[in-house]
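What follows is a predicted protein model with its sequence.
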Amino acid sequence: MALIQISNVKKHYTSGNDVVEALRGVDITIEAGEFITIMGQSGSGKSTLLSVLGGMNHPTTGEVEMAGVKLYQLPGEKLADFRAQNLGFVFQSFHLIPYLTAIENVMLPLAIVKMGTAAKKSAARQALERVGLGAKLERLPNQLSGGEQERVAIARAIVNNPHILLADEPTGNLDSKTSDEVMALLRELNAAGQTVVMVTHNPDNGRYADRTITLRDGMVVEP
């Protein structure tokens, strides 16, 4: 059975008297362990699709099924729990708390998890070691390079061992060398068993993925 099944998903926004059709009947199947890139021009619906997939944006119609669970049939609190247990999120702008150290930033998703502080610290340390930052646990974000900040963001996304990693333009603010390093890291995590779904506008990133899904005007198009 597919890990993720998106069936006829539509998302409409109302802007004044206008209706904007961000997604217009999207069908996608993703298997466990795949590395998928979602590509398309600005306004094609990529980020909307990722937010729907992440349980953060209720589709107008259609269904999102993940690990056999119909995401949008879950009541609010249960949906939040499902997200926390199964999904890790990485964003283009890092979203690190400036006054927290790397290890404190990575511990944030564990705040709602029932485990002791020492265990949380240990899990965060291990996540930072996995992304190559074991020596910079106590650095503040402004003491790290852009690439290192993105690695902290990735460590934070994987600290609770989610089944699925969702990344929205994770290399958008990085130079090409650092971008390649981050992509290689995501590929490494994928090889270790993580399912990765990444939105990108950069065609070069597609070479790291198993396959690319292209969106145009809110619909999947053949490559």
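Sure thing, it's come through.

per-residue pLDDT, the closest residue in space to residue 183 that isn't next to it in sequence?
Closest residue to residue 183 apart from its sequence neighbours, by C-beta to C-beta, 6 or more residues apart in numbering: residue 208 at 4.7 Å. All C-beta atoms are positioned from the backbone trio N, CA, C, and that covers glycine. pLDDT recorded at residue 208 is 91.

what's the distance between residue 208 and residue 85?
The span separating residue 208 from residue 85 equals 26 Å under the rule C-beta to C-beta, to the nearest Å.

ditto for residue 180
The value you get for residue 180 to residue 85, if C-beta to C-beta is used, is 31 Å.

and residue 208 and residue 85? which has more neighbours close in?
Applying other C-beta atoms under 10 Å to residue 208 and residue 85 shows that residue 208 carries more neighbours, namely 19 against 12.

Quick one: residues contacting the more buried one.
Applying C-beta atoms under 8 Å, 6 or more residues apart in numbering, we find residue 208 in contact with 35, 37, 183-184, 186-187.

In ChimeraX, select just the buried ones from the residues you listed.
In ChimeraX, a selection of the buried entries from the contacts of residue 208 looks like this (16 or more other C-beta atoms under 10 Å):
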select :35,37,183,186,187
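
Just give me the closest of the contacts of residue 208 to residue 126.
Minimum distance to residue 126 across the contacts of residue 208 is 17.7 Å, recorded for residue 186 (C-beta to C-beta).

Look up which helix or strand the closest one falls in, please.
helix 176-191 (DSSP states H and E).

Now do that helix, average pLDDT.
The model assigns helix 176-191 a mean pLDDT of 88.

Just list what that helix packs against, helices and strands only.
With contacts taken as 3 or more C-beta pairs under 8 Å, 6 or more residues apart in numbering; DSSP states H and E, helix 176-191 sits against strand 35-39, helix 146-158, strand 164-168, strand 195-199.

and the first one, which strands flank it?
Taking DSSP bridges as the criterion, strand 35-39 pairs within the sheet with strand 195-199 (parallel), strand 211-216 (parallel).
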